[in-house]
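> got a predicted model here, sequence first, then my questions.
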Amino acid sequence: MEKKLQPYEKEFIDKTRPVLEKFKSIKDNKDYLYDLKDVTGAEIFNFRSVGDHMVEHTEILNFIIVPIWTKNSEFFDETNNYTIARTQFENYYADRMQIKPANMWQTPLKLAFSYCTYDYQINSFGKLENYVNKFISYESALEKFQDYSREYQKLMKLVAEHKKEK
């Protein structure tokens, strides 16, 4: 019996399919070297809106292939020779009391839904508010995509109505 898809789930699956296919082709390759300059991933959505007091709200959801030791997508940060990546790598193996591999970029891989959201006061040169950067489950990612899709449809309907009025 085939599982009934939830609203927007087919579009969600279609966005993830190329990444899943690439993952299947490389996941068992022990010699695979993760390349930060050539990351395989799919943007599920990248939404920005400006609200009260010129605060930009941003939500980003990506589906990416990452080394197994990654905790969130902050490991991409190049600052101080990838300090965040090195810390995540060290902590992953220390927490499991395992010997860490010699090359942090040549480890098993995993698939991750990377979710990042924050608010930014435009022209404030200040820090990001309400910052979240984490990997989330399939169910959470699908729910966020469904919410995004519903809002997007509402906006497109408003735009179409406005064009008719002109």
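Structure received.
> which stretches of the chain aren't confidently modelled?
The chain contains residues with pLDDT under 70 at 1-2, 166.
> now do the helices in it.
According to DSSP state H, the chain carries its helices in the segments 9-26, 79-95, 138-165.
> redo these as TSV? Include distance to His57 and mean neighbour count.
To be clear about C-beta, it is placed using only N, CA and C from the backbone, and glycine gets the same treatment. Converted to TSV, those look like this (distance: least, C-beta to C-beta, whole Å; neighbours: other C-beta atoms under 10 Å):
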stretch	distance to His57	mean neighbour count
helix 9-26	22	14
helix 79-95	24	14
helix 138-165	12	13
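> check contacts around Asp14.
Shown here is Asp14, which makes no contacts under the criterion C-beta atoms under 8 Å, 6 or more residues apart in numbering.
> begin at 48 from here
Got it, first residue is 48 now, which makes that one Asp61.
> how far away is it from Asp124?
When C-beta to C-beta, to the nearest Å is the yardstick, Asp61 and Asp124 sit 30 Å from each other.
> coming back round to it: of all the helices of the chain, which one comes closest to Val86?
Within these, the stretch nearest Val86 is helix 56-73; the backing value is 10.0 Å (C-beta to C-beta).
> now do the closest one against helix 185-212, angle only.
If you take axes from the mean of the first three to the mean of the last three C-alpha atoms, to 10 degrees, helix 56-73 sits at 130 degrees to helix 185-212.
> may I have helix 56-73 as CSV, with CA atoms only?
Coordinates of each C-alpha in helix 56-73 appear next as CSV, following Å, rounded to 0.1, in the frame of the first residue of the first chain:
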residue,chain,number,x,y,z
GLU,A,56,5.1,16.8,0.0
LYS,A,57,5.6,15.8,-3.6
GLU,A,58,7.3,19.2,-4.4
PHE,A,59,9.4,18.8,-1.2
ILE,A,60,10.5,15.4,-2.3
ASP,A,61,11.3,16.6,-5.8
LYS,A,62,13.6,19.3,-4.4
THR,A,63,15.5,16.7,-2.4
ARG,A,64,15.8,14.0,-5.0
PRO,A,65,19.0,15.1,-6.8
VAL,A,66,20.8,15.4,-3.4
LEU,A,67,19.6,12.0,-2.3
GLU,A,68,20.8,10.4,-5.6
LYS,A,69,24.3,12.0,-5.2
PHE,A,70,24.4,10.8,-1.6
LYS,A,71,23.6,7.2,-2.6
SER,A,72,26.4,7.3,-5.2
ILE,A,73,29.1,8.5,-2.7
